[in-house]
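**Student:** Mind folding the following:
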Amino acid sequence: MDAAQALRELTELSSQVASAVVLDAEGAVLASAPEDDAAGTRLAASARELVQAAAGLGAGTGEVTRVEVELDEGALFVVSEGGHTVAATTGPRPTSGLVIYDLRTCAQSLASAPKKRRTRKPKEAAE
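**Tutor:** Residues are numbered from 1 along each chain as shown. Predicted structure coming up:
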């Protein structure tokens, strides 16, 4: 599944997600919802900064897989899995376990996307 389709499914299924973005392993934006470049860029920058700050808190070299920040007016969730990062904003008092589950499901759908198969030469042409 491509990133845009995964985000469409996420926002259709999760009533708590207000906006979301998918980043690749290097932190580049693959898709955002709504499809507003400026908002997607800001959310992506916030997600990258938050993950970097969380990584600086630990003594180990483990990868940050989840970050959650809740404010009075809403929350920001970031989940990293399978080479992708999915970040989302919500309204006030979200059900964090459900939002995290939805973000992980989105990330897993990207990680499990079938790879393009290489076409093989017909046997006759290979000989």
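**Student:** Surely residue 38 is within a helix?
**Tutor:** Yes - looking at residue 38 with DSSP: H, G, I helix; E, B strand; the rest coil, it is inside a helix.
**Student:** So what's the residue count around it?
**Tutor:** 8 (other C-beta atoms under 10 Å). All C-beta spots, glycine's among them, are computed from the backbone N, C-alpha and C.
**Student:** ditto for residue 105
**Tutor:** Here the count is done by other C-beta under 10 Å, and residue 105 has 17 residues near it.
**Student:** So which bits of the one helix or strand residue 100 maps to are buried?
**Tutor:** Assigning secondary structure by DSSP states H and E places residue 100 in helix 96-111. By 16 or more other C-beta atoms under 10 Å, the buried positions in helix 96-111 come out as 99-100, 102-110.
**Student:** ok, now stretch 14-26?
**Tutor:** For stretch 14-26, a neighbour-count test (16+ other C-beta under 10 Å) marks 14, 16-23 as buried.
**Student:** got a pLDDT number for residue 121?
**Tutor:** As predicted, residue 121 sits at a pLDDT of 49.
**Student:** Low-confidence ranges, this structure, go.
**Tutor:** 59-61, 112-127 (pLDDT under 70).
**Student:** So which residues of it form helices?
**Tutor:** 3-13, 37-57, 96-111, 123-126 (DSSP state H).
**Student:** can I get the ones you listed in TSV with distance to residue 82?
**Tutor:** What follows is those, written out as TSV (distance: least, C-beta to C-beta, whole Å):
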stretch	distance to residue 82
helix 3-13	11
helix 37-57	15
helix 96-111	3
helix 123-126	35
